[in-house]
Every structure is written in C-alpha cells, then in structure tokens.
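**Student:** got a sequence here, can you build the structure:
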Amino acid sequence: RQLAAVRGGAAPPKGSKAEAIADAVAELEEALDAADGVSDELFDDVFAKRYRDADPAIRAAVVERLGGWIAARPGRYVATRYLKYAAWVLDFEGAAGRAAAARALGEAFARTKDDAARKAALRDFAVRFAPRLAEMTHDVDADCQAAAVGALRACLDAGLLEELDLGDEEIAELCDKVYAKVVDQTAAPELRAAALAFALDFEDFDGSGDAQRALMDLGRFAEASILGDEGPPALAPLIADAFLALPDRA
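**Tutor:** Just a heads-up that it's a prediction; the model follows:
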C-alpha cells in the first residue's frame, strides 16, 4: 500500500522512497518464495510420510502442525493438496490424530468465510468429508467428538455447509448426528452446548418468516434440549439468546 501511494503507478525515481519500498517488497517476496519452497520440501519429505507414522503421537503432532500452517497462511494451505492428508487421518487409529485432523479441517473451513474462491475450491472436498465429521460426533473419544462438532460449526458459519451438493436425506442425517449430542446426557456440557449452537444456527428459527411457528418450534427444541433432562446450565444462555432473537411479533 505504501508503494502504491508514493509511486502513483509510475516507475519510482532512482534513490527515491518509492524505489526503497519497491526494493524491500521485492526482497520480501523473494524471501517468501524461498520459505514456501522450504515448507513444500518439509511437507513432502516429512508430513506426507509421517502423517501415517506407526507412532500415533507423531501422526497427531504433524497434523496439529498443519492446522498451524493453515491458520498462518490460509491463502496457501487451504487447498486439497494439503488438506487431503488431514482428512485421511479422520479414519486412523489414535484419537489424538483424529481430533487434530478435525481441528485442522475446521480451521480450513473457517478460512473460507467471505472468500468465494476458497469456498469454491473446498466445496467438493467438504461434500466428501462432512459426513465423516458427523460420524465423528459419536466417536469413542470425547475430544474427537468436540473437534468434529467444532469443524462442522466452522463449515456452517462460513456458509459452506449450505452450499454442499448433499441430498436432503444426507443433510438430515448429518444434522441428526449432531443434534443427538444435544440431548446426550453422557456428553460433556461444553460439547452439548456446541452441538446446540450448531442446531440453532442451522435451523435459523427466527428466519422462517412465521413468527408463531418459530416460537413453537424453538419451544419444542428447548424442551428436548434442556428441560426434558434438566440439562446443564451451559445450554440455557443459548436457548435464551435464541428466544430473544425471534421477531417481536412472536
């Protein structure tokens, strides 16, 4: 931005501030290209081999690191070339690795928000692996369940889930798996709250246009979620916020 401001589209005069900025930009771009080359070597020589290491701790560590790369450089790493490895780990033994993989995918989905190009690039990928994440909400490991719900919430929040080419039955099955955690009395309160947040966002009770029906539907949902089993207090604020969000005429 500084370069564009001082040069005004013309070639910078020799010895000017614009020339100094242009030189600095060129050096930074060269350094970034070199860093990308090194990171690709690391990915191909380390990650692409160690993601299926016999030691589950190593598998988890490399997938966790991928999540960090996605957060730091989404423009580069939110791509199926990298994400497919994390997705494959969703089916591996070793709960820590599966949870790390779900978190990495959640990070990637979150980075598609307000970015049409990234969203389009991940659409087919998400179609393939969102159902697996829904299955993971019932994983034998609680951390995996939480990571899977988090990834699906990120997918929904980014507007990606609603664009997936999934049939009505597949979408209903996916949601049912998540909703089941809301009323799962054996699940941690935080997990139930996260599942409820997903449900409230997906159902969009206040967006139906029929205020009376929205109120009735939300009331039934509230009864099933927190009243029927005297659910954890963590659910109550979410339900209260949902009621407050309903149109005044309800």
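**Student:** which stretches of this protein form helices?
**Tutor:** Along the chain, counting by DSSP state H, helices occupy 2-7, 17-42, 48-50, 56-72, 74-77, 80-89, 95-110, 116-136, 142-157, 168-182, 189-203, 211-222, 236-245.
**Student:** go through these and find the least confident stretch.
**Tutor:** Here the helices of the chain differ in mean pLDDT, and the lowest is helix 2-7 at a mean of 49.
**Student:** who touches Ala187 in this structure?
**Tutor:** Contact partners of Ala187, counting by C-beta atoms under 8 Å, 6 or more residues apart in numbering, are Ala142, Gln145, Lys181, Ala195. Using the backbone N, CA and C atoms, a C-beta is placed for each residue, glycine as well.
**Student:** returning to that earlier point: in CSV, list the helices of the chain along with mean neighbour count.
**Tutor:** Below are those laid out as CSV (neighbours: other C-beta atoms under 10 Å):
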stretch, mean neighbour count
helix 2-7, 13
helix 17-42, 12
helix 48-50, 13
helix 56-72, 18
helix 74-77, 16
helix 80-89, 18
helix 95-110, 26
helix 116-136, 18
helix 142-157, 23
helix 168-182, 17
helix 189-203, 20
helix 211-222, 16
helix 236-245, 15
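**Student:** just to revisit the earlier point, ok, the contacts of Ala187 vs Glu203, which is closest?
**Tutor:** Ala195 (12.4 Å; C-beta to C-beta).
**Student:** residues contacting the spatially closest residue to the closest one that is not a sequence neighbour?
**Tutor:** Using C-beta to C-beta, 6 or more residues apart in numbering and skipping residues adjacent in sequence, the residue nearest Ala195 is Lys181, 3.9 Å away. Residues in contact with Lys181 (C-beta under 8 Å, 6+ apart) are Thr137, His138, Gln145, Val149, Ala187, Leu191, Arg192, Ala195.
**Student:** greatest separation within these: which pair is it?
**Tutor:** His138 and Arg192 (13.3 Å).
**Student:** ok, the residue nearest to Ala195 to Ala96 distance?
**Tutor:** From Lys181 across to Ala96, the span is 20 Å (C-beta to C-beta, to the nearest Å).
**Student:** same check, this time on Phe47
**Tutor:** For Phe47, the distance to Ala96 equals 16 Å [C-beta to C-beta].
**Student:** end to end on stretch 102-119, go ahead and measure it.
**Tutor:** 18 Å (C-alpha to C-alpha, to the nearest Å).
**Student:** ok, the spatially most central residue of the chain to Thr186 distance?
**Tutor:** Closest to where the C-alpha atoms of the chain average out (C-alpha atoms, centre = their mean) is Gly106, at 2.4 Å. From Gly106 across to Thr186, the span is 23 Å (C-beta to C-beta).
**Student:** with Ala24 instead?
**Tutor:** 58 Å.
**Student:** got it, and Pro56?
**Tutor:** In terms of C-beta to C-beta, Pro56 sits 25 Å off from Thr186.
**Student:** same deal with Tyr82?
**Tutor:** Counting by C-beta to C-beta - Tyr82 and Thr186 are separated by 35 Å.
**Student:** just to revisit the earlier point, separation between the residue nearest to Ala195 and Ala134?
**Tutor:** Look at Lys181 and Ala134: by C-beta to C-beta, they are 10 Å apart.
**Student:** same thing with Asp157?
**Tutor:** Distance from Asp157 to Ala134, by C-beta to C-beta: 16 Å.
**Student:** and Phe109, by the same measure?
**Tutor:** As judged by C-beta to C-beta, Phe109 and Ala134 stand 14 Å apart.
**Student:** quick check: neighbours shared by these two?
**Tutor:** Joint contacts of Phe109 and Ala134 (C-beta under 8 Å, 6+ apart) do not exist.
**Student:** no further questions, thank you.
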